[in-house]
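**Student:** next input, structure requested:
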Amino acid sequence: MTGVPGAGKTLVGLDIATKHIDADDDLYSVYLSGNGPLVKILCEALARDRVERGREVGEKIRIGTARSDVKTFIQNVHHFRDECLLDKSAAPIEHVAIFDEAQRAWDMEQTSSFMLRKKNTPTLINQSLNF
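**Tutor:** Coordinates of the predicted model:
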């Protein structure tokens with residue numbers, strides 16, 4: 001999806017991810033962003049919202065539990081990548097990956113170069129992401 005800044009692209013992605021947070025759902029989703037501050041802000045805002053909504057209906061939800069729950073469907077793309085590389089034999093459990101700022105994503109060559117320089121993982125990325 002494309003659009004001008006402020007058009008609601010992030011909101012649409014989050015809406016999809018939050019509607020499909022059950023691991024048994026065929027559309028089990030994860031929202032990924034390489035923007036670390038955005039991930040932190042979104043996670044905290046949604047965790048606080050979850051606690052508040054629970055309070056409104058008489059349900060006590062601890063902020064730590066809410067934060068943990070939110071982190072299952074909003075993740076830093078770099079952490080997601082690294083986790084996928086830990087078990088090269090298994091595809092991620094998420095069936096849908098929503099990439100925020102996908103136009104900034106690296107191609108295979110740039111990713112492989114980064115992995116070699118920063119993670120000391122030569123060409124592993126080429127073999128692992130064929131899922």
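
**Student:** what's the spacing between the strand or helix carrying Ile16 and its chain's center?
**Tutor:** Mapping Ile16 onto the secondary structure by DSSP states H and E places it in helix 9-19. Its chain's C-alpha centre and that of helix 9-19 lie 11 Å apart, by CA atoms, centre = their mean, to the nearest Å.

**Student:** show me what counts as buried in it.
**Tutor:** When neighbours are counted by 16 or more other CB atoms under 10 Å, the buried residues of helix 9-19 are found to be 9-10, 13-14, 17. Any C-beta I mention is one placed from the backbone N, CA and C, and that applies to glycine too.

**Student:** ok, Glu56 to Ser33 distance?
**Tutor:** Computed as CB to CB, to the nearest Å, the Glu56 to Ser33 distance reads 29 Å.

**Student:** just confirm Ala66 contacts Arg50, I think it does.
**Tutor:** Yes - in terms of CB atoms under 8 Å, Ala66 counts as a neighbour of Arg50; the distance is 4.2 Å.

**Student:** between these two, which has more neighbouring residues?
**Tutor:** With neighbours defined as other CB atoms under 10 Å, Ala66 and Arg50 compare such that Ala66 has more, 21 against 18.

**Student:** so what's that one up against?
**Tutor:** For Ala66, the contacting residues are 46-48, 50-51, 54, taking CB atoms under 8 Å, 6 or more residues apart in numbering as the criterion.

**Student:** nearest to Ile98 among those residues?
**Tutor:** Minimum distance to Ile98 across the contacts of Ala66 is 14.5 Å, recorded for Leu46 (CB to CB).

**Student:** for that closest one, which non-adjacent residue is closest in space?
**Tutor:** Once its chain neighbours are removed from consideration, Leu46 has its nearest residue in Val70; the separation is 4.7 Å (CB to CB, 6 or more residues apart in numbering).

**Student:** OK, contacts around the one you found?
**Tutor:** Listed by CB under 8 Å, 6+ apart, the contact partners of Val70 are 42-43, 46-47, 50.

**Student:** mind doing that once more with 7 Å?
**Tutor:** Val70 makes contacts with 43, 46-47, as judged by CB atoms under 7 Å, 6 or more residues apart in numbering.
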